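In: need a structure here:
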Amino acid sequence: MTQKEFQKLLEKQRQGSLNKAEENLLEEFVNRLQQNQKHRRIDPGDDHKKRIRKQIDQAIDAHRHQRRLLNSKVLAYVSGIAAVLCISFFAFRYFSVEYTSVTTGKGEQRSLVMSDGSKIWLNANSSLTYPVNFNENRNLQLTGEAFFEVFRDEQHPFTIKTGAVRTTVLGTSFNINSYDPASPVVSVRSGKVKVEHTNTGAKVYLVKNQELVFENANSPVTTTGNLQDIMLWMQKTIVLNNTSLLKTATVLENSYDVKIDFADPSIKELRITGKFHDEPLETVLQSIALINHLKIDTLSQNHFMIRKNAP
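Out: Numbering: from 1, shown residues only. All right, here's what the predicted structure looks like:
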């Protein structure tokens, strides 16, 4: 969010014309301003700055007592001179943070070694945004899927935001799949992570071999088992475990940079199980057709249609 966009949202809030999406965006931004305050050292320097600091602390204390109501949150910052100073001070510091992004196309994967020593593998059709000064600010934004090996630093927690879900760790290895933003999946290979849903307040702690998915973005469901298959995408292996053809098509589209359509919507709910290690797309499609008695039409080099096979 730019400073201009932030000011525009504040003005719309004052006028009572915010829509639901804008309310959520402003609520999230105010929370992030608080988080930045917690991890930064502030040197007042003179009496004026000391007064500002005192006013900031008073505004934050008032805000914390009303944290569940967006209007109360924002009003705690914008009512009175102290609140105006608070917003101006925090916004200046926030907007001064530089961010960079890494994006992969369909059929592409990338690995990163961060400045703090953490390692990240980014799956196809995914993006990762993080601060340039990563050693001091380890807050990332993920779209798609990535696997993380996090360097432990108790002074700077490692946080990944995927839609309305926030995952926080100190040092561990885990996978996040957020191709479906409504139902992100967090899978832990080692260590311990905290997963929070910022809209519902749900909070779950996961340890080794535990996996969590927010069904319909509300109810967290945790399972335990051997999760090695979850990470096989880093070895160019596609794992299907009673997976619907609709979800399978999405996996193949991301992995091979193709388009897959269905001639009959009922086909989408058929299921398939199997592993395909660095196989040509034609081999995978032939297996799908054989198992489910289907036919694959090639519409172009990168466009396929799945239909029922005539009896």
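
In: W233: what's it in contact with?
Out: 109, 123, 145, 239 (CB atoms under 8 Å, 6 or more residues apart in numbering). All C-beta spots, glycine's among them, are computed from the backbone N, C-alpha and C.

In: ok, of those residues, which one's closest to L10?
Out: Comparing the contacts of W233 against L10 with CB to CB places E145 closest, at 34.8 Å.

In: span of stretch 115-124 from start to end?
Out: 23 Å (CA to CA, to the nearest Å).

In: now that stretch: buried residues?
Out: 118, 120-124 (16 or more other CB atoms under 10 Å).

In: could you do stretch 278-295 as well?
Out: Applying 16+ other CB under 10 Å to stretch 278-295 flags 279, 281, 284-285, 288, 294 as buried.

In: can you flag which of the residues you listed belong to strands?
Out: L294 (DSSP state E).

In: next, give phi and psi for the closest residue to F151 other than its chain neighbours.
Out: Spatial nearest neighbour of F151, chain neighbours left out: G117 (3.8 Å); criterion: CB to CB, 6 or more residues apart in numbering. The phi/psi pair for G117 (degrees, to the nearest 10) reads phi 100, psi -10.

In: measure G117 to T224 for me?
Out: 29 Å (CB to CB, to the nearest Å).

In: look up how far Q109 lies from S115.
Out: 21 Å.

In: again with I291
Out: Between I291 and Q109 the computed distance is 27 Å (CB to CB).

In: kindly report the same for E211.
Out: In terms of CB to CB, E211 sits 21 Å off from Q109.

In: tell me what L294 is bridged to.
Out: Per DSSP bridges, the residues bridged to L294 are K308.

In: burial of Q210, as a residue count?
Out: 20 (other CB atoms under 10 Å).

In: next, give phi and psi for it.
Out: Given degrees, to the nearest 10, the pair of backbone angles that Q210 has is phi -110, psi 150.

In: show me the contacts for it.
Out: Counted by CB under 8 Å, 6+ apart, Q210 has contacts 187-188, 222-224.

In: redo the contacts of W233 as a markdown table? Include distance to T273.
Out: Listed next are the contacts of W233 as a markdown table, based on distance: CB to CB, whole Å:
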| residue | distance to T273 |
| --- | --- |
| Q109 | 24 |
| N123 | 21 |
| E145 | 20 |
| V239 | 9 |
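
In: most neighbours, which of those?
Out: E145 (24 neighbours).

In: how about the nearest residue to it, chain neighbours excluded?
Out: N123 (3.9 Å).

In: could you do E108 as well?
Out: Using CB to CB, 6+ apart, the nearest residue to E108 is A124, at 5.6 Å.

In: so that neighbour, which state does it fall into?
Out: Recorded secondary structure, A124: coil (DSSP: H, G, I helix; E, B strand; the rest coil).

In: counting neighbours, what do you get for E11?
Out: For E11, the count of nearby residues is 11 (other CB under 10 Å).

In: in terms of helices and strands, where is the residue lying closest to I291 once chain neighbours are set aside?
Out: Leaving out its chain neighbours, the residue that sits closest to I291 by CB to CB, 6+ apart is I272, at 5.8 Å. Using DSSP states H and E, I272 maps to strand 271-277.

In: touching that strand from outside, list them.
Out: So strand 271-277 is contacted by 229, 232, 235-245, 248, 283-284, 287-288, 291-292 (CB under 8 Å, 6+ apart).

In: picking that back up, secondary structure for the contacts of W233 - can I get that in a markdown table?
Out: Formatted as a markdown table, these follow (three-state DSSP):
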| residue | secondary structure |
| --- | --- |
| Q109 | coil |
| N123 | coil |
| E145 | strand |
| V239 | strand |
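
In: can you list the weak-confidence ranges in the stretch 1-150 of the chain?
Out: Residue ranges of the stretch 1-150 of the chain with pLDDT under 70: 1-7, 9, 14, 19-22, 24-26, 28-96.

In: wait, what's in contact with the residue nearest to L232 when sequence neighbours are not counted?
Out: Spatial nearest neighbour of L232, excluding adjacent residues (CB to CB, 6+ apart): V239 at 5.4 Å. The contact partners of V239, taken as CB under 8 Å, 6+ apart, are 229-230, 232-233, 275.

In: show me which of these are buried.
Out: Members of those classed as buried by 16+ other CB under 10 Å are 230, 233.
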